[in-house]
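>>> What would the 3D arrangement of this be:
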Amino acid sequence: MDRTDRISEEVKKELSDLIQNHIKDPRLPDFVSVTEVSVTKDLRYAKAYISVLGDDNLKKGALNALKSASGYIRHEIGKRINLRYTPEFRFELDQSIEHGMYLSKLIDETVGRKKDSNSGESQKNESSVETKSDG
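Residues are numbered from 1 along each chain as shown. The predicted structure is shown next:
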């Protein structure tokens, strides 16, 4: 793990704490999590990926709230982590959790359909066995 990876992890930890415990914005829902932070090598910029559970309006509101608070966030991160430069934050929605849930749902539906078709086949086989033994 190189220096920027360690700094990214530390920034992620502090950013998560700030979002959960210190930013009081009504546009920011309770279910916001920081999934990843990547800091550039020169430490000037940090891209923070945010996961928000809810509809598109809730997600847009959360992003706007974080963008509005980016100056405060940068100031607080600068106080908490001793760096030569405190990065400027860019926030982006992380769709990977929702995409994973969607894929999981598709898999469950496919497995359910396969079970239904297999149980239909076994019932068909059982009824044909019964008719043969009756005759």
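
>>> What residues sit buried inside stretch 83-100?
Thr86, Pro87, Phe89, Phe91, Leu93, Asp94 (16 or more other Cβ atoms under 10 Å). All C-beta spots, glycine's among them, are computed from the backbone N, C-alpha and C.

>>> how about the last one, what does it touch?
Applying Cβ atoms under 8 Å, 6 or more residues apart in numbering, we find Asp94 in contact with Thr35, Glu36, Tyr49, Ile50, Ser51.

>>> just the third one next, same as before
Taking Cβ under 8 Å, 6+ apart as the definition of contact, the neighbours of Phe89 are Leu15, Tyr45, Ala46, Lys47, Ala48, Leu66, Ser70, Ile73, Arg74.

>>> mind redoing it with 7 Å?
Ala46, Ala48, Ser70, Ile73, Arg74 (Cβ atoms under 7 Å, 6 or more residues apart in numbering).

>>> I appreciate the help and will end here.
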